[in-house]
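Peer 1: Provided below are the primary sequence and the corresponding predicted coordinates.
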Amino acid sequence: MVKVRFAPSPTGYLHVGGARTALFNWLYARNQGGTFVLRIEDTDQERSTQESIDQIVEAMTWLGLDWDEYYRQTDRTDVHLKAAQSLLDNENAYEQDGAWWFRVPPGETVVHDLLAGDVTFNHDQIKDFVIRRSDGTFVYNFVVVVDDADMEITHVIRGDDHLTNTPKQIMLYRALGRKPPKFAHLPMILGPDRTRLSKRHGVTSVLEYRKRGFLPEAMVNFFARLGWSHGNQEVFTRDELVKLFSLKRVGSSAAIFDEEKLRWLNQQHMKLADPSRLVDLVHPFIIETGKVTEEMWSAAGDERLTIGAELLRHRCHTLVDLADMMLALFPVEIEMDDRVEIDEYQRKLISEIYYAFSEATSFSYDSVENMLRAVLEEGAASLKTSGRTVKEAGVGLKAGGASLKDVAHAIRVSVTGRAVGPGLFDILSVIGKRIVVARLRKLLGGTR
């Protein structure tokens, strides 16, 4: 049975490269009906921290990468010592200056990599190496072999920066009398400038993307596409990835981290998400604006918020965008992305709309539509601008009345803060009578 592991060192946050490695291992295990192990490699006690362990676990949980077995390397010191002692006993290792050194045998090691093919390493280029430091702690290359062998890991899927470690590890497997696993070294991830991805390219911490309003399913989709492909398909659900994933579809070329692509993918997943879930997710982002209180949030009502999220999500790339747009649903000051200038004719029309809305007993979609259309149908006949006809005033008309486009832009921007968005009747009915009337009053000068 397939058994894989993700083995991060808890010396910092879970970064993009580590998350991609974790995901590929998780997908392979789930695709093959195998076992996924999370093993914290905390033998570097000077640099390892509990905070980093907690952060790694939190990031994995957020991404939905559940594990079947969990270990901490420091809990296995007795196992490591026993294995190291066996190497000393059979003279595959020796002690020098308090440290234990592995004796590199003559010859060569061929790494049969599932992605890169066969890679040959001549032992003349590899010096004897330390497996146990003089302070009694064990070195990565040694403990990783002992643990992988003891846990019966069948496939080691990791970044190609570990390829040069592999011949040393294969030598250790042989010296311990254990069969090496199969290896697959993933191509590196590059920034847009085609250099290795690093902090200078921007955010690399997985949980920072959560703070920036990205959905976990979008991150999983994006990470999967960093080296793996399935035809021309770009958007994948988690279930689709599990079903389709194969190491044979992992390319050998470096993957490019394109944040614009990530934003686009997040937008697609926001369109696919359950609106009620989006409401739960956007809640803290709206509260963090400092404009909406918990009391205001509760007063808005789940149904209204859900309808609002469903209407507004289509133009949003992140939850931050959605939070910004959903502020229009609350009785707060909103920022406008366009200037609103109305002539006298538009002012008179909007004034009539304002009075109709103020007296409305219902503010449903149908009610809003009927009120708007009733005012507009009478607009051309009853309203004139400075003694001129409506036509002379340059206002577009529909047959028998004023056109919605005569006032739609001004109403939309003043009420929602946006020049574009969902259908006007939809968004007005969701925002509600009280807020719509208040914002129209402000548009008209606040004297009504």
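Peer 2: All right, it came through fine.
Peer 1: CA atoms for contacts and neighbours, from now on please.
Peer 2: OK.
Peer 1: which parts of this structure are strands?
Peer 2: 3-6, 35-40, 69-72, 93-96, 99-102, 108-113, 117-122, 129-132, 155-159, 182-186, 189-190, 255-256, 397-398, 401-402 (DSSP state E).
Peer 1: who are the packing partners of the third one?
Peer 2: The elements that strand 69-72 packs onto, with contact taken as 3 or more C-alpha pairs under 8 Å, 6 or more residues apart in numbering; DSSP states H and E, are strand 35-40.
Peer 1: strands paired with the strand it packs on, and their directions?
Peer 2: Strand 35-40 sits in its sheet next to strand 3-6 (parallel), strand 69-72 (parallel), going by DSSP bridges.
Peer 1: deepest of these, which one?
Peer 2: Of all the strands paired with strand 35-40, strand 3-6 has the most neighbours on average by mean count of other C-alpha atoms under 10 Å, namely a mean of 25.
Peer 1: just the C-alpha atoms of that one, please, in PDB.
Peer 2: Extracted in PDB, the C-alpha atoms of strand 3-6 (Å, rounded to 0.1, in the frame of the first residue of the first chain):
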ATOM      1  CA  LYS A   3       2.400   5.500   2.200                       C
ATOM      2  CA  VAL A   4       3.800   9.000   1.900                       C
ATOM      3  CA  ARG A   5       4.800  11.700   4.300                       C
ATOM      4  CA  PHE A   6       5.200  15.500   4.600                       C
END
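Peer 1: so how far is it off the chain centroid?
Peer 2: Relative to its parent chain, strand 3-6 has a centroid offset of 23 Å by C-alpha atoms, centre = their mean, to the nearest Å.
Peer 1: make sure residue 369 is actually in contact with residue 427.
Peer 2: No - applying C-alpha atoms under 8 Å as the test, residue 369 and residue 427 come out as separate, 11.2 Å apart.
Peer 1: these two: who's more crowded?
Peer 2: The residue with more neighbours, out of residue 369 and residue 427, is residue 427; 22 against 16, by other C-alpha atoms under 10 Å.
Peer 1: quick one: contacts of stretch 207-223?
Peer 2: Under the contact criterion C-alpha atoms under 8 Å, 6 or more residues apart in numbering, stretch 207-223 has outside partners 14, 16, 19-20, 23, 59, 62-64, 203, 235-238, 241, 262, 265-266, 269-270, 285, 318-320.
Peer 1: of the residues you listed, which belong to helices?
Peer 2: Those of those mapping onto helices are 16, 19-20, 23, 59, 62-63, 238, 241, 262, 265-266, 269-270, 285, 319-320, per DSSP state H.
Peer 1: quick one: residue 105 from residue 143, how far?
Peer 2: 20 Å (C-alpha to C-alpha, to the nearest Å).
Peer 1: looking at these two, which is more packed in?
Peer 2: residue 143 (25 against 14).
Peer 1: any idea how far that one lies from residue 101?
Peer 2: 13 Å.
Peer 1: of the contacts of stretch 207-223, keep whichever come out buried.
Peer 2: Among those, those buried by neighbour count (16 or more other C-alpha atoms under 10 Å) are 14, 16, 19-20, 23, 59, 62-63, 203, 235-236, 241, 262, 265-266, 269-270, 285, 318-320.
Peer 1: returning to that earlier point: dump the strands paired with strand 35-40 to CSV, plus mean pLDDT and distance to residue 354.
Peer 2: As requested, the strands paired with strand 35-40 are exported to CSV (pLDDT from 0 to 100; distance: least, C-alpha to C-alpha, whole Å):
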stretch, mean pLDDT, distance to residue 354
strand 3-6, 99, 61
strand 69-72, 97, 63
